[in-house]
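J.: Dropping the sequence and predicted coords here.
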Amino acid sequence: MRSWLPICLALIVGCGASAEKRPRDKPLIAVIPKAVSHEFWKSVHAGAVHGEQAADVDIIWKGPITESDREMQINLVQDFVAQGVDGICLAPLDSQALSPVVQEAAQAGIPVLIFDSGLSDPAGTISFVATDNYHGGEIAGRHLGELLKGEGQVIVLRQVVGSQSAELREQGCIDVLKKEFPQIEILSSDQYAGDTADKSLVKSQQLLLTYGDQVDGVFTSSQHVATGMLRALEEQGLAGKVKFIGFDPGPELVAALEAGKMHGIVLQDPVRMAELAVTTMADHIRGKKVEPRIATGEALATPENMHTPEIQRLLKPEMKD
């Protein structure tokens, strides 16, 4: 005869009862990134460790391999609720798909802080720690428009459906181009690169096959999307000729900026973002008041300023394997 006890326990947690929290020497905080394989998330990991040390807490770092496994993120949140952690810091892969499970965690008595990318419904969350991604997109669009002197044709290659941070960057760029540079034509803004550089390469190849003899400028909204586009531009002999702005650095992209194959990279501060996420959650757990929105800043790296100390720090952030 099958035991009814596990089923009942699952129903209790699912119905919003408080999760059982074990006595601990330090608060235990789960940190769930969008992925663990990309350079950006390795820098986020480094920041989370800094936060762990600064706030005198313990963290558990766990996330999907790539930025497409929504089900794994959902399962991780549910698993950490069942474990009774003291708090969860989450960078949601999908602004809609993660909202219900975050609310379930809050109902179970587990505070949730959102970082990097927002939720469509932030109910039940204690704070949002992130770059102003829309403003970052505006920075990219304005720089691209100025490089093109207000004329030309551009491609905006999107990342993945549902990623609020990427969507805000893309929209910020498009809005600035339309408003401030009306003579610039957007050739394509409805194509998605996917969650890896290899998938981005394929989509970029397709776009350049269609528009390669017309395109004057390109914007990509994340590091792996930019990497795929860079490789496609190099294949077609267009690297350096097409004005190319990316978002988030990586070794290959920094080298391309140095070589004049990229003309700008919008930068955020992943180390500071994650450190603030962990320390803010620790403050909340200890009964301190926390701000509902904490902005972490954005900057633009160009070939002209890339060797300044502050831009170098953001171009080559600390990473943890």
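T.: Thanks, I have it.
J.: domain parsing for this structure?
T.: Listed domain ranges for the chain are 5-131+269-297, 133-267 (source: automatic domain parsing).
J.: Going by mean pLDDT, which of those domains comes out lowest?
T.: Note on those: lowest mean pLDDT is at domain 5-131+269-297, with a mean of 90.
J.: Pull the distance from that one to the chain's centre.
T.: Taking the mean of its C-alpha atoms, domain 5-131+269-297 sits 14 Å from the chain's own mean (CA atoms, centre = their mean, to the nearest Å).
J.: One more: stretch 123-143?
T.: Mean-position distance between stretch 123-143 and its chain equals 10 Å (CA atoms, centre = their mean).
J.: List the contacts of the residue nearest to the spatial centre of the chain.
T.: What sits nearest the mean C-alpha location of the chain, by CA atoms, centre = their mean, is Asp116, with 5.1 Å. Contacts for Asp116 (CB atoms under 8 Å, 6 or more residues apart in numbering) come out as Pro33, Lys34, Val44, Ala91, Val129, Ala130, Thr131, Ser165, Pro270, Met273. In this view, the C-beta of every residue, glycine as well, is placed from N, C-alpha and C.
J.: Can you show me the strands along the stretch 51-200 of the chain?
T.: Using DSSP state E, counting those that start in this stretch, the strands of the stretch 51-200 of the chain run over 58-61, 87-90, 112-115, 125-130, 152-157, 184-188.
J.: Show me the helices in the stretch 1-150 of the chain, by range?
T.: For the stretch 1-150 of the chain, applying DSSP state H, counting those that start in this stretch gives helices covering 5-14, 39-55, 70-83, 99-107, 133-147.
J.: I meant the stretch 201-321 of the chain, not that one.
T.: Here the stretch 201-321 of the chain has its helices, by DSSP H, counting those that start in this stretch, at 223-235, 251-259, 270-285, 309-315.
J.: Ok, which of those comes nearest Gln205?
T.: Smallest distance to Gln205 across those (CB to CB): 4.9 Å, for helix 223-235.
J.: so Ala140 makes contact with Arg169?
T.: Yes. Ala140 is within contact range of Arg169, at 7.1 Å (criterion: CB atoms under 8 Å).
J.: Looking at the two, which one has more neighbours?
T.: Arg169 (33 against 28; other CB atoms under 10 Å).
J.: if I pick the residue nearest to that one when sequence neighbours are not counted, what's in contact with it?
T.: Distance criterion CB to CB, 6 or more residues apart in numbering; nearest residue to Arg169, sequence neighbours excluded, is Gly137 at 3.9 Å. Gly137 makes contact with 168-176, 219, 221, 247, 266, according to CB under 8 Å, 6+ apart.
J.: Now with 7 Å, please.
T.: Counting by CB atoms under 7 Å, 6 or more residues apart in numbering, Gly137 touches Leu168, Arg169, Glu170, Gln171, Gly172, Cys173.
J.: Spit out the residues that contact Ala140 and Arg169 alike.
T.: Jointly contacting Ala140 and Arg169 under the rule CB under 7 Å, 6+ apart are Phe247.
J.: rewinding a little: now tabulate the contacts of Gly137 in JSON lines and tack on distance to Lys199.
T.: Formatted as JSON lines, the contacts of Gly137 follow (distance: CB to CB, whole Å):
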{"residue": "Leu168", "distance to Lys199": "21"}
{"residue": "Arg169", "distance to Lys199": "18"}
{"residue": "Glu170", "distance to Lys199": "17"}
{"residue": "Gln171", "distance to Lys199": "22"}
{"residue": "Gly172", "distance to Lys199": "23"}
{"residue": "Cys173", "distance to Lys199": "21"}
